[in-house]
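K.L.:
Fold the stuff below for me.
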Amino acid sequence: MAEIRRVGVVGAGTMGNGIAHVFARSGFPVVLAEVDQPALDRGLSTIDKNLAREVAKGKLAQADSDAARARIAGTLDRRMLAGCDLVVEAATERFAVKQSLFQELDGLLGATPFSLQIPRRSPLPSWRLRRSARTALSACTSSTPCR
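P.N.:
This next block holds a predicted model:
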């Protein structure tokens, strides 16, 4: 497997901003992509609040918090994901939206692996989602490990 130097996250909601936060705290530059500015702003604000809470509790130094936040670049332009070595999809739970997104990511990412996050109680069948994207898609669920 190739070295991961830059991570993309599609969706800045609860799962997406949490995933971006963890990758940034782990030292990875992150591109956080969202469909509209208010949603992106909410996700980045949540990350800021969570980092501040970690600093207040003494779990993270302010300099480390600042460095983690600086590693996260928010964007409305999914073409910015093209330079990522790994992309994690954490978008809405609507099949048509995910299907369209996967087709777009197929064109943008080429051979870059991407992971789709399917919550255990998702109403969307993982096999239909996997079929919507290229065969290199790595689909991870709580009951199906990444391949």
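
K.L.:
and the gap between residue 27 and residue 110?
P.N.:
25 Å (C-beta to C-beta, to the nearest Å). (C-beta placed from N, C-alpha, C; glycine too.)

K.L.:
How about residue 19?
P.N.:
Residue 19 is 22 Å from residue 110, by C-beta to C-beta.

K.L.:
between the two, which one's more packed in?
P.N.:
Taking other C-beta atoms under 10 Å, residue 19 and residue 110 do not tie; residue 19 has more neighbours (22 against 10).

K.L.:
wouldn't that one be in contact with residue 12 here?
P.N.:
No. Here residue 19 does not reach residue 12: they are 9.7 Å apart, not a contact under C-beta atoms under 8 Å.

K.L.:
end to end, how far does stretch 78-85 reach?
P.N.:
14 Å (C-alpha to C-alpha, to the nearest Å).

K.L.:
what's the average pLDDT for that stretch?
P.N.:
Computed over stretch 78-85, the mean pLDDT rounds to 90.

K.L.:
Check stretch 29-38 too.
P.N.:
97.

K.L.:
same thing with stretch 62-75?
P.N.:
Per-residue scores along stretch 62-75 average to 98.

K.L.:
and it, how far from the chain's centre?
P.N.:
15 Å (C-alpha atoms, centre = their mean, to the nearest Å).

K.L.:
Can you give me the buried ones in it?
P.N.:
For stretch 62-75, the neighbour count (16 or more other C-beta atoms under 10 Å) marks 65, 68-69, 71-74 as buried.
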